[in-house]
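Novice: pasting the structure only:
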């Protein structure tokens, strides 16, 4: 069979699938990681000091494995904007406070090609005052921190799976030949190689993930590009990688669509809120103290519902995205309460303990 390297950048996580030309048992590793950089170490941000630990395979499982046939790595998209501005959540804060807006310095290059005709690529920028959360930002788009996050992801994957050692799936020469067939020898129409397949949700952050990851994985970015052909210089107008996407209306990554059970999420949430564990959490002294502190500092009442939980998530995304919240907008004590509430809400709602604590919404 043919060796295939495939990447699947979907709405909820990045799935990197590397298929080796090996047989027998399949080993699948799911590594759920959400990496962010905040002003200090916060577990929910999963910064550089965060090192997830996974149990080794049992002796019985190891004996069942002959050769590695497929590996799947699942990671989150890293730092991204939320769907609220700081002003939206904290209406009374001092608007002159520096660094209290989302910093979005990504621009999207869009191009159109109709058959043999290609038209000029355009850079997309948001008109000031006509964007949802301010700056050059789209709802839930990537922030600049993801560049370093995905660079590390890409180089870790490359170093671990590309090389001359027995554990490696491909040699560097094999990967170079695959890419040369695409970019230099122009072997495939529209650069659609059967060896490399990229599938992305049709969102800015998923395509940013694909672009940044592949740039560093293939070492085609400035500073890490390997000069294999002195006569060839990368040109994004025609040296693109072919990718597949889907209309959001038929998103295959939302399981309740396939099950024709569109209210599954609401059902799980309602059941969780009715549970004794969740009710004990909502009415606990710690939660009541958080609600009181919120009212004092933010200026309006905290309601224990999905909308307010999403606001708490937005605050965590703001912090992990480098927005200057503490102590200019809220106190460190209130932030700590928001962080704990956000994690414990998931734990108690889903009754899944360690899973919610270690694999957060980031």
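Specialist: In hand now; what should we look at? None of the values given here were measured: they were computed from a predicted structure.
Novice: next, count neighbours for residue 307.
Specialist: The local packing of residue 307 (other Cβ atoms under 10 Å) involves 7 other residues. Heads up, the C-betas are built off the backbone N, CA and C, glycines and all.
Novice: next, it: secondary structure please.
Specialist: helix (DSSP: H, G, I helix; E, B strand; the rest coil).
Novice: how close does it sit to residue 142?
Specialist: 24 Å (Cβ to Cβ, to the nearest Å).
Novice: skip the chain neighbours and tell me the closest residue to residue 328.
Specialist: residue 97 (4.6 Å; Cβ to Cβ, 6 or more residues apart in numbering).
Novice: host element of the one you found?
Specialist: Here residue 97, judged by DSSP states H and E, is contained in no helix and no strand.
Novice: hang on, isn't it packed against residue 324?
Specialist: Yes - with contacts counted by Cβ atoms under 8 Å, residue 97 reaches residue 324, the gap being 6.5 Å.
Novice: low-confidence ranges in the stretch 51-200 of the chain?
Specialist: 51-54, 68-76 (pLDDT under 70).
Novice: what are the ranges of the helices in it?
Specialist: Listed in chain order, the helices of the stretch 51-200 of the chain (DSSP state H, counting those that start in this stretch) span 59-64, 86-89, 145-161, 172-183.
Novice: closest one to residue 293 among these?
Specialist: helix 86-89 (15.0 Å; Cβ to Cβ).
Novice: flag every buried residue along that closest one.
Specialist: Residues of helix 86-89 classed as buried: 86, 89 (neighbour count, 16 or more other Cβ atoms under 10 Å).
Novice: for it, name the packing helices and strands.
Specialist: Counting contacts by 3 or more Cβ pairs under 8 Å, 6 or more residues apart in numbering; DSSP states H and E, helix 86-89 is packed against helix 306-320.
Novice: just the angle for the helix it packs on relative to helix 145-161, thanks.
Specialist: 80 degrees (axes from the mean of the first three to the mean of the last three Cα atoms, to 10 degrees).
Novice: any idea how far residue 112 is from residue 121?
Specialist: For residue 112, the distance to residue 121 - Cβ to Cβ - is 8 Å.
Novice: so for stretch 199-216, what gets flagged as buried?
Specialist: Across stretch 199-216, burial judged by 16+ other Cβ under 10 Å covers 199-201, 203-216.
Novice: noted, bye for now.
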